[in-house]
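Q: sequence first, then the predicted structure:
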Amino acid sequence: MSTVLFVTGTGTEVGKTVVTAAVAALAPGRLAVVKPGQTGIAPDEPGDLAEIARLTGRQFTSVELARYPEPLAPDTAARRAGLPTLAPVTVAAAVAELAASHDLVLVEGAGGLLVRYDEAGHTLADMALATAALGIQVSFLLVTTAGLGTLNTTALTAEALAARGLPLAGLVIGAWPAAPDLASHCNLTDLPTVASAPLLGALPTSATATPGPAFHALATTALAPALGGTWDATAFTTATRP
């Protein structure tokens, strides 16, 4: 059975797509990437899956289950567009089918963990629980920010996962600043503590400017061995000390 990794964030615009792309770039074997609900994109516009393909330059199976034109929470965007919402069992069935024929299935959520996807208030966490109920092993990768305020949102998300019995494999900083301040540096040590999970990487803010082989090389140095790279949290913390 393949690995199923759900990628969520502490909020919107924290770097989930670029982190998903980095993990995808380094993933061996047969890869599938699922975007359950894409918002803020017109029917003929490229979405997050197209951006992952652009950055990685590799072949993978891509599945987008729902698309809504306005940049809102999926349930709100669906209601305003008069389109069907997305149920956890629908996502779980799609993920299970992919897991049967792929070595890794990445599932990138919209916004944060508890963003609503339907009228009943189901979230990405419910999609993961529905997938696990099918006998598939799932875990989460949490994309977070570097600076002041990240400890609270990271801790809240980690607690929400733990309360649901969903394993948190680790954290990745989605956009490490070129000139990190004191808070960002201190958070390298504090983030794993508040989340009770390892810090598995930090992608630079310029990551999306280097597609193809250059992005693969960047991902290698920005992600830890658990995700296929060479990044070392201790060495990075020492090197970036202000």
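A: Now that the structure is in, tell me what you want to look at. All values derive from a computational prediction rather than experimental measurement.
Q: any idea how far Ala125 is from Thr8?
A: Distance, Ala125 to Thr8, using CB to CB, to the nearest Å: 8 Å. For every residue, glycine as well, the C-beta is placed using N, CA and C.
Q: of these two, which one has the most company?
A: Neighbours per residue (other CB atoms under 10 Å) separate Ala125 from Thr8, with Thr8 holding more: 30 against 23.
Q: would you confirm that that one belongs to a strand?
A: Yes: under DSSP: H, G, I helix; E, B strand; the rest coil, Thr8 falls within a strand.
Q: which residue ranges of this protein form helices?
A: For the chain, the helices defined by DSSP state H occupy 16-26, 48-56, 74-81, 88-99, 124-132, 150-163, 182-195, 213-222, 233-239.
Q: mind listing what Val63 touches?
A: Going by CB atoms under 8 Å, 6 or more residues apart in numbering, Val63 touches Ala32, Val33, Val34, Lys35, Leu49, Ala94, Leu98.
Q: so what's the closest residue to the second one other than its chain neighbours bridging to?
A: Right, the one you point to is Val33. Nearest residue to Val33 in three dimensions, chain neighbours excluded: Leu106, at 4.7 Å (CB to CB, 6 or more residues apart in numbering). On the basis of DSSP bridges, Leu106 is bridged to Leu5, Val33.
Q: looking at this protein, which helix or strand does the model trust least?
A: In the chain, the helix or strand scored least confidently by mean pLDDT, DSSP states H and E is helix 233-239, which has a mean of 93.
Q: in it, what's buried?
A: Going by neighbour count (16 or more other CB atoms under 10 Å), the buried part of helix 233-239 is Ala233, Phe236, Thr237.
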